[in-house]
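Q: Sharing a model that was predicted from the sequence below.
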Amino acid sequence: MDGYPEVPDGDSTKHQERHYYLLSELQTLVKDLPSSFQQRLSYSTLGDLALALIDGTVYEIVQGLLDIQHLTEKNLYNQRQKLHCEHQALKQDLARKHKDAVQSCKSHNLTLLKSNQQAEQESLETRVREEQRMMDKKIVAEMDQKVIDQQNTLEKAGVPGFFITTNPQELTMQMNLLELILKLQQKESQSGLL
């Protein structure tokens, strides 16, 4: 069983051995999934998945998608942190401005000043909340688009169970399939088959 995953097109015996090996490994890994998902993963689905994994291309695709996802997540996190830092600076500037104004204010104007400062503070808080909400909305939309891109790529690569969907049960099933692929890839990598 050496020489995996490279399987020459003409060597059907090695191809078949590799398929059976992958199918057997997948059947073992499926046992770790919740029973509700085990029931949805038929023998033929696992067989089709094993076929898709034979030459190692799907492993490379999944790894590429993971790398892109991690870069996207890091970028979005950095954007949100930058916005947070900008907001902190605005709040500090406003607090400093308010403190200076109070110190130089005549006592008969203090009530009016405090009232104006309160309105200014509330206005800034509203602006900060709205900008954070918009950033979070952008992040969710971008991650949703990343999921669609991943589903589309895996569907085009012929990986069974992958298609564009927003159905939570189907998404969970796809996540379980990805988990199986990654665990199998890791196992093969550790045993020197990849």
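A: Received it, and whenever you're ready, just let me know what you need.
Q: And the worst-scoring helix or strand of the chain on mean pLDDT, what does it pack against?
A: Within the chain, confidence by mean pLDDT, DSSP states H and E is lowest for helix 35-40 among all helices and strands, at a mean of 86. Counting contacts by 3 or more CB pairs under 8 Å, 6 or more residues apart in numbering; DSSP states H and E, helix 35-40 is packed against helix 168-190. The C-beta positions use only the backbone N, C-alpha and C, and glycine is treated the same way.
Q: The helix it packs on - what's its average pLDDT?
A: Mean pLDDT, helix 168-190: 92.
Q: for stretch 51-61, same thing?
A: In the prediction, stretch 51-61 has an average pLDDT of 93.
Q: what's the offset of it from the middle of its chain?
A: Counting by CA atoms, centre = their mean, to the nearest Å, stretch 51-61 is centred 21 Å from the centre of its parent chain.
Q: Now the residue nearest to the spatial centre of the chain: closest residue in space, sequence neighbours ignored.
A: With distances taken as CA atoms, centre = their mean, the chain has Gln69 as the residue nearest its mean C-alpha position (5.4 Å). Among residues not flanking Gln69 along the chain, Lys146 sits closest, at 5.9 Å (CB to CB, 6 or more residues apart in numbering).
Q: and that neighbour, how far is that from Thr57?
A: To Thr57, Lys146 is 21 Å away according to CB to CB, to the nearest Å.
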